[in-house]
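Q: coords please:
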Amino acid sequence: MKPDIATRATLAAVIRNDSSAIDKMAGRLQAINQTMDPDSFNELAAAAYLLHNIYNALENSFEQISRSFENHVKDLAQWHKELLGKMFLEIPGIRPAVLSKELIGTLNDLRGFRHVFRHSYDFEIDPKKLQLTIDGFLKKRTALMNALSCFTDWLMRDE
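A: Okay, here's the model as predicted:
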């Protein structure tokens, strides 16, 4: 059963706002990626920062979706992983899957990258790993954004 219209409209607005931010950051990431010098700390750091923030925006939407529907995470030690996993689940009678299975690898890579980037104070950016993460995200960007848009459309449909 869907939440009331006010909750759904608010959630749809959050997802649209996060999606807009992701699109803007992804455009900047794509521009950096076209000319990125693997020896330029500033370019690598800018790309890493954008990937970090892209996943933050995604996770904000995922958290709001979870709060609006199932509203709990059982394993507090691994809540980021559990939260992401929920987005691939169809919950019969509650909501469809938010994301398709084709996105699991890419989003797990982004989640892992964000974790290391956020928590490692002496983190040295590996240009090859960074490039793989960027390429993976950019390759799946359209499918990811379409999935969020489809979920938002589903939210706002009267049934």
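
Q: Flag every buried residue along the helix or strand where Asn33 lies.
A: Secondary structure here is read from DSSP states H and E; on that basis Asn33 sits in helix 5-35. Along helix 5-35, these residues count as buried under the neighbour rule (16 or more other C-beta atoms under 10 Å): 8, 11-12, 14-15, 18-19, 21-22, 25-26, 28-29, 32-33. The C-beta positions use only the backbone N, C-alpha and C, and glycine is treated the same way.

Q: Which strands or helices does that helix pack on?
A: The elements that helix 5-35 packs onto, with contact taken as 3 or more C-beta pairs under 8 Å, 6 or more residues apart in numbering; DSSP states H and E, are helix 41-68, helix 127-156.

Q: by how many degrees do the shortest one and helix 127-156 diverge?
A: Between the axes of helix 41-68 and helix 127-156, defined by axes from the mean of the first three to the mean of the last three C-alpha atoms, to 10 degrees, the angle is 30 degrees.

Q: nearest to Ala97, of the buried residues of helix 5-35?
A: Within the buried residues of helix 5-35, the smallest distance to Ala97 is 14.6 Å, found for Ile15 (C-beta to C-beta).

Q: pLDDT at that closest one, what is it?
A: You'll see Ile15 listed with a pLDDT of 98.

Q: Enumerate every residue touching the spatially most central residue of the chain.
A: Per C-alpha atoms, centre = their mean, the C-alpha nearest to the average position across the chain is that of Leu58, at 2.9 Å. Leu58 makes contacts with Asp18, Ile22, Leu107, Leu110, Leu144, as judged by C-beta atoms under 8 Å, 6 or more residues apart in numbering.

Q: which other residues reach the helix or strand bottoming out on mean pLDDT in the chain?
A: When the helices and strands of the chain are scored by mean pLDDT, DSSP states H and E, helix 104-119 comes last with a mean of 88. With C-beta under 8 Å, 6+ apart as the contact definition, helix 104-119 has outside contacts at 48-49, 51-52, 54-56, 58-59, 80-81, 84, 88, 99, 123, 129-130, 132-133, 136-137, 139-140, 144.

Q: ok, back up a step: by how many degrees do the helix holding Asn33 and helix 127-156 diverge?
A: Orientation of helix 5-35 against helix 127-156 (the same axes, to 10 degrees) gives an angle of 150 degrees.

Q: Thanks a lot, catch you later.
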